[in-house]
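Chemist: Give me the fold of what follows.
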Amino acid sequence: MSIPEFTISKDGFDLPGEPLSGLDAVVLAQLAALDPAGHKGLLRRLLTLYRSSLADLIRQLDAARRPVDPTALGWVTHSLKSSSASMGALRLSALCSATEQALREDRLDRLPALLDALVAEASLVEATVRQRLGSD
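Modeler: Next comes the predicted model:
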């Protein structure tokens with residue numbers, strides 16, 4: 001199954017049936033259901049771990065961008081795609097998939113715009129996670 005192509009519009013990237021930015025409420029509810037009483041603080045721990053991992057992976061992504069290191073970019077986007085999907089950051093995961101596809105197809109000309117969109121979405125996701133955790 002191939003990932004639909006992102007198109008560049010004046011507002012950024014568009015993807016047919018594109019997932020919403022931020023964190024998906026259904027995914028968060030499914031994670032919360034694993035600890036229904038909330039006594040173990042599972043969702044909070046997962047969000048804290050994801051936030052830390054997100055920051056580390058974005059730093060690695062930035063280092064792999066300049067100069068472009070396709071191998072490192074592939075590893076980072078693959079790792080970020082999986083963890084983001086698990087936490088409900090579905091648009092971020094889709095952007096990672098599109099970046100992986102561009103790398104597989106040797107479409108390096110698409111990387112700057114894709115990576116800019118990915119970093120912007122990661123920033124929005126981080127802010128959403130921070131808000132959910134109630135921290136600054």
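
Chemist: can we go C-alpha only for contacts and neighbour counts from here?
Modeler: Will do.

Chemist: contacting residues around the most centrally placed residue in the chain?
Modeler: When C-alpha atoms, centre = their mean is applied to the chain, the residue found nearest the centroid is residue 92 (3.0 Å). Applying C-alpha atoms under 8 Å, 6 or more residues apart in numbering to residue 92 gives the contacts 21, 81, 84, 85, 118, 121, 122, 125.

Chemist: Let me have the residues you listed in TSV, extended by secondary structure, distance to residue 36 and pLDDT.
Modeler: Shown next, in TSV, are these (DSSP: H, G, I helix; E, B strand; the rest coil; distance: C-alpha to C-alpha, whole Å; pLDDT from 0 to 100):
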residue	secondary structure	distance to residue 36	pLDDT
21	coil	26	70
81	helix	27	97
84	helix	22	97
85	helix	21	96
118	helix	32	96
121	helix	29	95
122	helix	28	97
125	helix	24	96
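
Chemist: from these, which is closest to residue 69?
Modeler: Nearest to residue 69 among the contacts of residue 92: residue 118, at 16.4 Å, using C-alpha to C-alpha.

Chemist: which element is the residue nearest to the centre of the chain on?
Modeler: Using DSSP states H and E, the element containing residue 92 is helix 90-104.

Chemist: Now for the protein, the helix or strand with the poorest mean pLDDT.
Modeler: strand 7-9 (a mean of 43; mean pLDDT, DSSP states H and E).
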